[in-house]
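A.B. asks: With the sequence up front, the predicted model follows.
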Amino acid sequence: MKILLVDDARSVVMVMTSRLASYGYDVVHAANGQEAVAAFASAAPDLVLMDIEMPVMNGFEATNRIRAFEATKQWAWTPVIFLTSSDTVENLVTAIEAGGDDFMSKFVPEPVLQAKMKAMSRIASLRKSLSQANQKLQDLASQDGLTGLCNRRSMDLRADQHWLEAQAFGRSYGLLMLDIDNFKKYNDHYGHQSGDDCLRQVAQAIETSVRHANDLGLTHGAFAARYGGEEFAVIVPMATPQILTKVANSIVSSVHALGIAHELNEAWGVVTISVGGALKNPAQGELVALFREADARLYQAKTRSRNCAVLGD
């Protein structure tokens, strides 16, 4: 358990740190409320032991700001125990209103301190388990169950966010629409189980190409999503025509290189993918128009030869 100890009295800090460290806890120190808020944001402690009367900012105000920070970042609630030598009713009420959870004397007897810390350790463990469970739920809600890519709902949210950022900063916005060639024939011929395996492998090839472009610095924040059925989309913020072409061709080549047998994919004999792309400055129109343009070029790629990318007239 990591504990943030906030107190301006050096003697209290030395004694309390020594006692807590003897129990095996990691202790981070802040000398006043202002330092406490900054330390809380950087250290992400499991428990805060907060003095009340301190220079610069008192413990009540610091706790208020910590609770506001948690709400902004959607962090899990962190227990705050106020350290005091005067547990008056007024202080108790003020502490609870400020977001505190308990009171404890700075000179608390050893058995009481040990018992409280054991209870806080259990809470810290529960918080960690809850956080992990919430993260899994969030992943399930945002990922496509079959391919592991972003699902349609998550893609729409992220695409809108990137579009607004592009509008705000005057940046270009690239989009690729992708479709596995003759996939219905593949499903009918090889069966739906093989079709699912094919979708997973193609999705992995797309994801690898996009991640490689991000790693090389060609793209910034590009991501792939399953758009529906055998159709995928790749959002490429701040793209140039050259970069969009490079990413599209990389995906076409990567899918072809998988060498997945597809007897009914005429002229190729393996699974291939067609890509349509579009690039816009958000000031020139709406996001839906970009999707229509990319989709129209995907149709052109299909009518040409398949296994290719069309990104311009």
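C.D. replies: Received, thanks.

A.B. asks: quick one, phi/psi of residue 50?
C.D. replies: phi -120, psi 120 (degrees, to the nearest 10).

A.B. asks: Run through the bridge partners of it.
C.D. replies: With DSSP bridges as the criterion, residue 50 is bridged to residue 6, residue 82.

A.B. asks: and it, how far is that from residue 11?
C.D. replies: 17 Å (C-beta to C-beta, to the nearest Å). Where you see a C-beta, it was placed from the backbone N, CA and C, and this is true even at glycine.

A.B. asks: neighbour count winner among these two?
C.D. replies: residue 50 (27 against 9; other C-beta atoms under 10 Å).

A.B. asks: Now do the contacts for the more buried one.
C.D. replies: 6, 36, 59, 62, 63, 80, 81, 82, 83, 100 (C-beta atoms under 8 Å, 6 or more residues apart in numbering).

A.B. asks: Just give me the neighbour total for the fourth one.
C.D. replies: As a burial measure, the neighbour count of residue 62 was computed by other C-beta under 10 Å and equals 28.

A.B. asks: buried sites along stretch 98-107?
C.D. replies: 98, 99, 100, 101, 103, 104 (16 or more other C-beta atoms under 10 Å).

A.B. asks: and that stretch, how far from the chain's centre?
C.D. replies: 34 Å (C-alpha atoms, centre = their mean, to the nearest Å).

A.B. asks: Show the end-to-end separation of stretch 183-202, please.
C.D. replies: 12 Å (C-alpha to C-alpha, to the nearest Å).

A.B. asks: residues in contact with that stretch?
C.D. replies: 146-148, 180, 229-230, 232, 255, 258, 260, 262-265, 271, 273.

A.B. asks: how about a cut-off of 7 Å?
C.D. replies: 146, 147, 180, 230, 255, 258, 260, 262, 263, 264, 271, 273 (C-beta atoms under 7 Å, 6 or more residues apart in numbering).

A.B. asks: Just the closest of those to residue 45, please.
C.D. replies: The closest of the contacts of stretch 183-202 to residue 45 turns out to be residue 147 (C-beta to C-beta; 38.0 Å).

A.B. asks: Where does the nearest residue to the closest one once chain neighbours are set aside sit, in terms of helix or strand?
C.D. replies: Nearest non-adjacent residue to residue 147, counting by C-beta to C-beta, 6 or more residues apart in numbering: residue 203, 3.5 Å away. Using DSSP states H and E, residue 203 sits in helix 192-215.

A.B. asks: next structured bit after that helix?
C.D. replies: strand 223-228.

A.B. asks: packing partners for that following strand?
C.D. replies: helix 152-169, helix 192-215, strand 231-237 (3 or more C-beta pairs under 7 Å, 6 or more residues apart in numbering; DSSP states H and E).

A.B. asks: thinking again about what came up before, helices - which of the contacts of stretch 183-202 land there?
C.D. replies: Members of these lying in helices (criterion: DSSP state H): residue 255.

A.B. asks: And the contacts of stretch 183-202, which of them are buried?
C.D. replies: Judged by 16+ other C-beta under 10 Å, buried ones among those: 147, 180, 230, 255, 260, 262, 271, 273.

A.B. asks: Secondary structure class of the residue nearest to residue 299 when sequence neighbours are not counted, three-state.
C.D. replies: Excluding its sequence neighbours, the residue lying closest to residue 299 (C-beta to C-beta, 6+ apart) is residue 276, at 6.9 Å. With DSSP: H, G, I helix; E, B strand; the rest coil as the basis, residue 276 sits in strand.
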